[in-house]
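1. what's the 3D shape of this:
(2 chains)
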Number of protein chains: 2
Amino acid sequence: MTDLAESDLDDADQVPPPVRSTTADAQVTTPPVPTPAQVPHMKWWGWGVDGVGFHWQDKPAFAAFVQKAVGLDLHTAQALEQPSFDRITVPPSVAPQGLLRDLRDAVGEDAVSLDDESRVVHTYGKSLRDLVRVRAGDLPRVPDVVVFPADEAAVQAVVAAVIAADAVLIPFGGGSNIAGSLEPQPAETRPVVSVDLGRLRRVLDVDADSGLARIQAGALGPDLESQLQERGWTIGHFPDSFTHSSLGGWVATRSSGMQSDKYGDIADIARGMRVVRPDGVLVIRGIPSASTGPSVREMVLGSEGRLGVITEVTVQVHRIPAKRVIHAYFYPTWTAGLAAMQAIAASDAHPTVTRVSDARETGFSLATSKESKGVQKLLTRGVMLYLKRRGWNLDDVCLSFVGYEGEADHVARQRKATERVIKRHGGFSLGTGPGVLYDQKKFDTPYLRDFLLDRGTAGDVSETAAPWSRLNSVHDAVIAAAEGVFRDMDRTGWVMCHLSHSYHSGACLYFTFAFVFGDDPIGEYDRVKSAIQQAFIDNGGTLSHHHGVGLEHAPWLEQDISGEGVAVMRGLFTAADPGAHFNPAKITR
Amino acid sequence: MTDLAESDLDDADQVPPPVRSTTADAQVTTPPVPTPAQVPHMKWWGWGVDGVGFHWQDKPAFAAFVQKAVGLDLHTAQALEQPSFDRITVPPSVAPQGLLRDLRDAVGEDAVSLDDESRVVHTYGKSLRDLVRVRAGDLPRVPDVVVFPADEAAVQAVVAAVIAADAVLIPFGGGSNIAGSLEPQPAETRPVVSVDLGRLRRVLDVDADSGLARIQAGALGPDLESQLQERGWTIGHFPDSFTHSSLGGWVATRSSGMQSDKYGDIADIARGMRVVRPDGVLVIRGIPSASTGPSVREMVLGSEGRLGVITEVTVQVHRIPAKRVIHAYFYPTWTAGLAAMQAIAASDAHPTVTRVSDARETGFSLATSKESKGVQKLLTRGVMLYLKRRGWNLDDVCLSFVGYEGEADHVARQRKATERVIKRHGGFSLGTGPGVLYDQKKFDTPYLRDFLLDRGTAGDVSETAAPWSRLNSVHDAVIAAAEGVFRDMDRTGWVMCHLSHSYHSGACLYFTFAFVFGDDPIGEYDRVKSAIQQAFIDNGGTLSHHHGVGLEHAPWLEQDISGEGVAVMRGLFTAADPGAHFNPAKITR
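-> Numbers count the residues shown, from 1 in each chain, chains lettered A, B, ... in the order given. From the prediction side, this is the model:
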């Protein structure tokens, strides 16, 4: 197994900057429709692609950090072998022949799969719960059949076949979901069809005047972004899952990306969509803003498959900016960092990324740096010593990244305006070095989770958004809640946080937690996760800023949007899908 | 009748600038709950308050303009007398005694009105159709009773009484709606209760850290804005109807304001809301962004009363900017002006207002200026002469307003960056003089409509949004469609347009039309309006950018958001209100 190939810190200097196309709007080649076999999937048992994983031996501070954080000794820990699919027992498909025949008519013989590994790949997303269950062969219900429609007409035929057979349909994009949005209900007696959108990968059209692109919903992040960049455009949407998540999945879960401060969340970016439903295609055209009653666009956003199958999305796209930089800063405390982000949001400045880690996560970042590289290098250069002399408590230091984009003079002016605010809040500039590393490392964290899981350690994430006035209490309450559970379970546990997106009235706080589990990893994970979710709600936060509801967060929906809010939503689902064919029981029953 | 009191052009120099409070967050007095009799209403027969109207005698170019535009000779035209309520026959209330008793229990004896004028005031909004009908005493169905609840608990009791009596409830805010969202169905046999929210006028709380204010839904624009300004804040939402529309009405119709380029539409501003429903209160908390399934927040937005009664909204508020200026520019053609707005939207610049009128509307603006004042003054100063010498065709000149807000240096920088784009598109700066006038005149146009109606001339507005690539064709098609109908009716008619809001991917186009009507004013109006609406849809626009759907735009809903989109929305309404008690048949049946 190689180290994180494309994003290894050693490759820092070789990663190309964003391409600014000189052939914008030139004729571009249309990528081929992949065969069903060509549709890429992640490992059945973990995140990402085969042969890529996390290594620690070249990160001198990492082992000591892990020892301290969760009590795991990497020098002696035995790693599990890579799970073998041969040891997994997959329940047989119960798809009736009539349904299979109709599906084959709908998508073609080669695009209907009863293969066990494919069915297992389409059973779960990639939450900790999902990984633990799939590795253990805990598969109470897997899709009976996986279909790979090549276009919207094929999706329509699949939907017709599903309705005719009184079956259940679960749309599948990149499979990166961590809210339990993909799994069939264990007690489901009807046939379950997983509809993999992976062949619908094309950027169909760019309206250059309007900055609007029509893109098929199955396109994965890197695929659609490279098709756009070939034409001189970017979508500006880079969630942590970017490499393995799809446009349709982003829409279905109300995703948010790392540069959403500038480009908006997917709910802002996605202006139009096409959704296949039993009686026809729901079409929302790409309109900049409309007053057409309750927003059907905003009903499809976040619908997690319950209203139909999203086949196409019209998204805002932007010319690739002339310049894009990420600067790093240290703050003496979390409170100072948070106050700085709030002051930036209230100012006239418009940075494209605002991010600050608490002291714990800053410690984690330092510990995952390689020797003489990145943030680690700063350490050795004596920055810390200097800050200590200035009276900073080094245990409280918080690392922050702020991004700027646009024409060069705009970037310079935004940085100047933002740094005035940063300075007023005690921020200390570290330049662009760590930012380059951040840009490269940003999609890697899930690999670390598999590394830990191989060593008996559970790790996952949970995120919320709350008004600025509540963020400090949300943060402190979540830390206290998680630590309380760790204490109750008599475990050494770790929980850390960063602010990942800013809005006028508040921000997203993103928490990561880890602990060495005992006999009941999912039960223990549930205790920690539930405590964190409850702390969100109790302190004025939402159950999720951008991961969705699925099954995992559904218990908090009523506390979040009120009983009547859930009742209205449930009414929408029931009316739109009275037979409960579309991903039933997700979000709310 | 006096001239437009607060906004007369003669008062240009006396209008105070926005107050920057020096006592921000100081103790503020809570305004009293008005008695039912104190709730302000517009004239039963027209726009605005008694004693204010439009005068033309001091506008030297106006009469000639009107003669040319619609063939009306103001010098000889006989104005109708002010309508007398005595001549109106109001159908008797059919509210049963049991319902009235429950309503009196709910809101108090003095807050239940069976008064004919009050019932008529609550029958219609203020569209041309509404004004023609109410002046003619065309009242097939009026609310049987009007109630004035003082708080949310009283609204809950009203809802309970309505459900118990199998009655119909229509919420009423400022009554400024022009989409037919307020009127009872003519064939409605159940008792109809108009719920006037006017007593719920308070700014309840400002979370200064988060820039979030909780405000009661019945607060009218000037009332809530002055309460906010007393605390040092502004909502930044200034629709044309501002003086006579309410926060709840803005939310219920997805309103947009003149400074929405900076502050966002009400759909962005309104982060949380409380909606009284039969089984409880739907509560969406003020969260900056959330992934909690299909957005219930965005279902309440635009719901026009169909999901319940909005009693409270949590909105984003902003510190009053240090500086706010509106600069005026001329463009040689509409195409140049449109291209400039598009280029500004694509640039790094962030003005707060982007507006450009076509040549027709520019002509109208010049004609409504007083002698030696405003834009008129520029004329006399020879600007036009100068532009003519530069080769401009003066018939094609387009007037534009662009606003800048923030700290003084930010305003200067934004203006510089924006004016680089403006200059590249041939724009010619007129300075701030006309902008001051724009700021004052902005809420006056509806008074002009009553003035024309008094003289047998129909005038109204219709607006859309479309991608940048479609705006030119939308504009040309709408002009052609309206003129085609004028020609078919053998009338001299007028239609003009401005771009009122810019987005990344498109803009709002706002059309105003007028013509001298014959025997069937509503039938003729319908022909013009329908032709305009159809041109919107046929050319890639939406049926409304910010006026809502009501009854007036409902015929185009399916063409706009597709049959399946309407089916999903109808399912939402039916499930949320199976008995059809809440403003039935609005938006879609």
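2. okay, CA-based contacts and neighbour counts for the rest of this
-> Will do.
3. For residue A:41, give me its contacts.
-> By CA atoms under 8 Å, 6 or more residues apart in numbering or on different chains, residue A:41 lies in contact with A:49, A:121, A:174, A:175.
4. who wins for most neighbours among those?
-> Ranked by neighbour count (other CA atoms under 10 Å in any protein chain shown), the contacts of residue A:41 have residue A:174 at the top, with 28 neighbours.
5. Would you list the phi and psi of that residue?
-> As for residue A:174, its main-chain torsions (degrees, to the nearest 10) stand at phi -90, psi -10.
6. Ok, the one 5 residues further on next?
-> Listed backbone geometry of residue A:179 is phi -110, psi 10, with angles given as degrees, to the nearest 10.
7. And for it, the neighbour number?
-> Residue A:179: 27 surrounding residues under other CA under 10 Å.
8. Can you give me every residue that contacts residue A:128?
-> By CA under 8 Å, 6+ apart, the contact set of residue A:128 is A:178, A:458, A:459, A:460.
9. so which of the residues you listed also contact chain B?
-> Residues of the contacts of residue A:128 in contact with chain B (CA under 8 Å from any CA of the partner chain): none.
10. Cross the residues you listed against strands and list the overlap.
-> Among those, the members falling in strands (DSSP state E) are A:458, A:459, A:460.
11. Let me have these in TSV, extended by neighbour count.
-> Listed next are the ones in strands among the contacts of residue A:128 as TSV, based on neighbours: other CA atoms under 10 Å in any protein chain shown:
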residue	neighbour count
A:458	27
A:459	24
A:460	20
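12. closest to residue A:235 among the residues you listed?
-> Nearest to residue A:235 among the ones in strands among the contacts of residue A:128, counting by CA to CA, is residue A:460 at 27.4 Å.
13. Can you spell out which residues form a bridge with the closest one?
-> residue A:513 (DSSP bridges).
14. For it, give me its contacts.
-> So residue A:460 contacts A:127, A:128, A:449, A:512, A:513, A:514 (CA under 8 Å, 6+ apart).
15. ok, which residues in the stretch 451-589 of chain A are in contact with chain B?
-> Within the stretch 451-589 of chain A, the positions lying close to chain B (CA under 8 Å from any CA) are A:464-469, A:503-507, A:541-549, A:557, A:560-565, A:567-569, A:571-572, A:574-576, A:587.
16. and if we set it to 6 Å?
-> A:466-469, A:505-506, A:544-546, A:548-549, A:561-562, A:564-565, A:568, A:571-572, A:575-576 (CA under 6 Å from any CA of the partner chain).
17. Please list the members of the residues you listed that lie in helices.
-> Counting by DSSP state H, those place A:468, A:469, A:561, A:564, A:565, A:568, A:571, A:572, A:575, A:576 in helices.
18. Is it possible to get a markdown table of these that adds pLDDT and neighbour count?
-> Output for those, formatted as a markdown table (pLDDT from 0 to 100; neighbours: other CA atoms under 10 Å in any protein chain shown):
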| residue | pLDDT | neighbour count |
| --- | --- | --- |
| A:468 | 98 | 27 |
| A:469 | 98 | 18 |
| A:561 | 98 | 23 |
| A:564 | 98 | 22 |
| A:565 | 98 | 25 |
| A:568 | 98 | 22 |
| A:571 | 98 | 20 |
| A:572 | 98 | 26 |
| A:575 | 98 | 22 |
| A:576 | 98 | 24 |
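19. Between those residues, which sits nearest residue A:275?
-> Nearest member of those to residue A:275, counting by CA to CA, is residue A:576, at 12.3 Å.
20. Which single one of the ones in helices among the residues of the stretch 451-589 of chain A next to chain B is nearest to residue B:414?
-> For those, the residue nearest residue B:414 by CA to CA is residue A:468; the value is 27.1 Å.
21. contacting residues around that closest one?
-> Contacts here follow CA atoms under 6 Å, 6 or more residues apart in numbering or on different chains; on that basis residue A:468 touches A:506, B:209, B:210.
22. If we use 7 Å, what do you get?
-> A:342, A:505, A:506, A:507, B:209, B:210 (CA atoms under 7 Å, 6 or more residues apart in numbering or on different chains).
23. now swap in residue A:36 and tell me
-> If you count contacts by CA under 7 Å, 6+ apart, residue A:36 has them with A:111, A:148.
24. Would you mind measuring from it to residue B:571?
-> Applying CA to CA, to the nearest Å, the value for residue A:36 to residue B:571 is 36 Å.
25. Residue A:474 now?
-> According to CA to CA, residue A:474 and residue B:571 sit 37 Å apart.
26. again with residue A:88
-> Going from residue A:88 to residue B:571 by CA to CA gives 43 Å.
27. Tell me, how many residues neighbour the nearest residue to residue A:45 once chain neighbours are set aside?
-> Nearest non-adjacent residue to residue A:45, counting by CA to CA, 6 or more residues apart in numbering or on different chains: residue A:135, 5.7 Å away. The burial count assigned to residue A:135 is 18, neighbours taken as other CA under 10 Å.
28. I'd say residue A:135 and residue A:46 touch.
-> No: counting by CA atoms under 7 Å, residue A:135 stays clear of residue A:46, with 8.4 Å between them.
29. for the stretch 51-200 of chain A, what spans make up the helices?
-> Residue ranges of the helices in the stretch 51-200 of chain A, as given by DSSP state H, counting those that start in this stretch, are A:62-70, A:97-107, A:116-121, A:128-135, A:152-164.
30. Any chance of the ones you listed in TSV with mean pLDDT as columns?
-> Formatted as TSV, the helices of the stretch 51-200 of chain A follow (pLDDT from 0 to 100):
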stretch	mean pLDDT
helix A:62-70	95
helix A:97-107	98
helix A:116-121	98
helix A:128-135	97
helix A:152-164	98
